[in-house]
Structures are given as structure tokens and as C-alpha cells.
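>>> Here is my input, please return the structure:
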Amino acid sequence: MPRIILIETSTALCSTAVCDASGIVCSRRSDEPRAHASKTAVFVQEMLAECGWKVSDCDAVCVSKGPGSYTGLRVGVSTAKGLCFGADIPLLAVSTPEILVRQAIEGGNLPEGCTAIMPVIDARRMEVYTALFGPDGNQHGEIAPVIIEEGSFASAFDEGPVLIIGDAADKCRILPAAAFLQTCPDATAMRVPALKRFAAGAFEDPAYFEPLYIKQFVATVSRKKLF
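Just a heads-up that it's a prediction; the model follows:
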């Protein structure tokens, strides 16, 4: 019965959990702004203390690989790598859209007759990171940045009711979806895909693993004059 530490920091919500094959053992979450760097490792430490475990008592660490916030992803991946190197346990990774899809399925949020789930992660302005998934959780197509406008994904909406879920759901309300759920991905929804990857031996190389940024990070210079 594998024990897996789950870390999700790709959006505004910082969340962690510990799971085994029977379910979620314990979890932590915080939506405090810009607190990922100060909360993530502390949350992991608190959970393990609550369980009476050490990191080495766990069988793997699973991290959300994005896309999402550049800073948030770096915090989550860095924490996960540190745990893996320190305890000599393997690294697993799950995409942010897949986590949102699991939330929709496990939370009973699918509209009646649902034919597709569209997870959407905010990419600023009217752009989102997304891919279409079936109501069974299977992914159809690559995750990509898309500008939301009338007519986007028209063929998907023609096939039947679609659920749009994610932290960019509200700005997608110009689309004819059957239901919208404005929410951030949560680590507790990583359990099923993490266990599947563990069973399949689909481990990442901690030395070379990088988050799925999709877009290159561009540093900007403040226009405010300091002197």
C-alpha cells in the first residue's frame, strides 16, 4: 500500500496531502497570497508529524507539474525534489489540468449527460491553458494556451454538455458550457493519478525534471522610479 506525498502549488492555492491506496490520510491548504514558499515545506512537515511518519516512510512524492504560476511551480517542484533526494524516494508528476478533471469527477460536478470536461488555468487577459478531457478523465489533445473568444471549441459544445473548471472558469462564461466551476486545483485530487503512475513505474528523474511552463518566463523591469 504505497504512501505518497502530494504537492500542488500551480495556482493561488497552496495545498498538500498524504495518501495511500485507501484514501487521503491528511491534508493542508492555504489561499494566503504569495505564501507558497513559506507554507509548502511546513505543510509537509506538519502532515508527516500528524501521521507519525518520516519522509523515508513514504514511497514517493507527486508534484503538480503545471502549467500555471511560474513561481508557484518552482516552489512545488523544488520542494518535491528536495524530499526525493533527501529520502531517496522516487518523483511523480501530474499535470494541473488532470488534477482539475479529477476534482470534477470526484466532486460529482459533472452536468447530466456530460460529454467533455474543459479545465482552464489562468494565463492572463483572456488566455487560458487548457485541453479537452472526456467525462471518464481521458485526455484528448495537447495542453496549450488558448485565447477565449466566442466560437472557441465550438465542435466540443456541439457534441453535448461541457463542464468548464479551474481558476479561469469565470472568464470563460462567454462560452456555451453547461456548467462552470471557478476553483483552484487541490492536492487531494492527485491521489488517483499519482497511484496509477506509481503502479506503472512512471517516475520522473529528479535531477532533470522541469515543470510544464508552456510559455517562457519573461522578467520585467518596474517602471516605477526608485530614486
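>>> buried ones in stretch 31-39?
Across stretch 31-39, burial judged by 16 or more other C-beta atoms under 10 Å covers 36, 39. For glycine as for every other residue, the C-beta is placed from the backbone atoms N, C-alpha and C.
>>> cool, and stretch 1-8?
Judged by neighbour count (16+ other C-beta under 10 Å), stretch 1-8 contains these buried residues: 3-8.
>>> Shouldn't residue 198 be within a helix?
Yes - under DSSP: H, G, I helix; E, B strand; the rest coil, residue 198 falls within a helix.
>>> can you tell me which of the buried residues of stretch 1-8 are in helices?
Using DSSP state H, no member of the buried residues of stretch 1-8 falls within helices.
>>> in what helix or strand does the residue lying closest to residue 40 once chain neighbours are set aside lie?
Counting by C-beta to C-beta, 6 or more residues apart in numbering, residue 40 lies nearest to residue 79, which is 4.9 Å off, once chain neighbours are set aside. Assigned by DSSP states H and E, residue 79 belongs to helix 70-87.
>>> What are the contacting residues of that helix?
Helix 70-87 has contacts (C-beta atoms under 8 Å, 6 or more residues apart in numbering) with 5, 7-11, 14, 36-37, 40-41, 44, 54-56, 58, 60-67, 89-91, 206, 209-211, 213, 217.
>>> mind listing what's buried in it?
Under 16+ other C-beta under 10 Å, the buried positions of helix 70-87 are 70, 72-81, 83-84, 87.
>>> Give me the phi and psi for the residue nearest in space to the middle of the chain.
A centroid search over the chain (C-alpha atoms, centre = their mean) returns residue 96, at 2.9 Å, as the residue closest to the centre. Backbone torsions for residue 96, taken as degrees, to the nearest 10, come to phi -60, psi -40.
>>> For it, give its distance to residue 203.
For residue 96, the distance to residue 203 equals 19 Å [C-beta to C-beta, to the nearest Å].
>>> Check residue 160 too.
Counting by C-beta to C-beta, the gap from residue 160 to residue 203 is 37 Å.
>>> likewise residue 131?
23 Å.
>>> now swap in residue 133 and tell me
Residue 133 is 23 Å from residue 203, by C-beta to C-beta.
>>> The two - which one has more neighbours?
residue 133 (24 against 16; other C-beta atoms under 10 Å).
>>> wait, what's in contact with the more buried one?
By C-beta under 8 Å, 6+ apart, the contact list for residue 133 reads 97-98, 101, 116-119, 139-140.
>>> The same query, at a cut-off of 6 Å, please.
Contacts for residue 133 (C-beta atoms under 6 Å, 6 or more residues apart in numbering) come out as 101, 117, 139.
>>> Now the first one: phi and psi?
So the one you mean is residue 101. Torsion angles, degrees, to the nearest 10, at residue 101: phi -60, psi -40.
>>> thought it was touching residue 118?
No - the pair residue 101 / residue 118 is not scored as a contact, 9.2 Å apart, by C-beta atoms under 6 Å.
>>> So, low pLDDT: which residues of the chain?
216-227 (pLDDT under 70).
>>> Tell me where it has strands.
Taking DSSP state E as the test, the strands found in the chain are 4-8, 14-20, 23-30, 60-64, 91-94, 116-122, 127-133, 139-147, 162-166, 179-182.
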